[in-house]
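*Asks:* need a structure here:
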Amino acid sequence: MDNLHALRASRTTEGDVPDVSPSVEYADSLADVLREMAARLESRAEEAAELRVRLELTERAQSTLEDERREAVQELEQERRRREEAEQEREDLRRELQALKDERESPGTVEEPERAEPRPATVESQEPVQRPWWRRVFGG
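*Replies:* Numbering: from 1, shown residues only. Just a heads-up that it's a prediction; the model follows:
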């Protein structure tokens, strides 16, 4: 813009340029300003559209990450519960095994553990147990 004014000023001093009325000069400068502003507005609109797209992509990515995190936390909680249940079952079995071992070591004891099945008094009263076929064939 300044270059245009400088060019016009240099031409008017040289006398090459015919006199232009101030209203025509004002109209030219106004048109230049409007063109420049329109170009800047287009540029800003393009930037805004680009930023809008980037924002949408970022929001989708964040949403996806939050969903994945939520699922991972749920899976972790489920796994933690399964582990605690397995540990509790292991501890129960350990106690039961210890009670059975203690019972075998002291056969004269009248008290039996709560979980142990009652034993028949004599061997004859037990029903014969059928052995697996592979033990009958191969012995054992």
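*Asks:* shaky segments in this protein?
*Replies:* For the chain, applying pLDDT under 70 flags the ranges 1-7, 10-24, 26, 107-129, 140.
*Asks:* just the helices in the chain please.
*Replies:* 2-14, 22-105, 133-138 (DSSP state H).
*Asks:* got those helices as TSV, with mean neighbour count columns?
*Replies:* No exception for glycine: its C-beta is placed from N, CA and C like everyone else's. What follows is the helices of the chain, written out as TSV (neighbours: other C-beta atoms under 10 Å):
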stretch	mean neighbour count
helix 2-14	10
helix 22-105	10
helix 133-138	9
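*Asks:* quick check: the gap between T58 and E71.
*Replies:* Using C-beta to C-beta, to the nearest Å, T58 is found at 21 Å from E71.
*Asks:* W133 too?
*Replies:* Taking C-beta to C-beta, one finds W133 at 48 Å from E71.
*Asks:* just R83 next, same as before
*Replies:* Distance check for R83 against E71: by C-beta to C-beta, it reads 19 Å.
*Asks:* can you check V137 too?
*Replies:* Distance of V137 to E71, given as C-beta to C-beta: 52 Å.
*Asks:* likewise A27?
*Replies:* Taken as C-beta to C-beta, the span from A27 to E71 is 66 Å.
*Asks:* try R90
*Replies:* R90 sits 28 Å away from E71, going by C-beta to C-beta.
*Asks:* and if you look at L51?
*Replies:* From L51 across to E71, the span is 31 Å (C-beta to C-beta).
*Asks:* swap in Q88?
*Replies:* Counting by C-beta to C-beta - Q88 and E71 are separated by 26 Å.
*Asks:* ok, now R136?
*Replies:* Going from R136 to E71 by C-beta to C-beta gives 52 Å.
*Asks:* again with E36
*Replies:* Using C-beta to C-beta, E36 is found at 53 Å from E71.
*Asks:* if anything else comes up later, I'll come back, but that's it for now.
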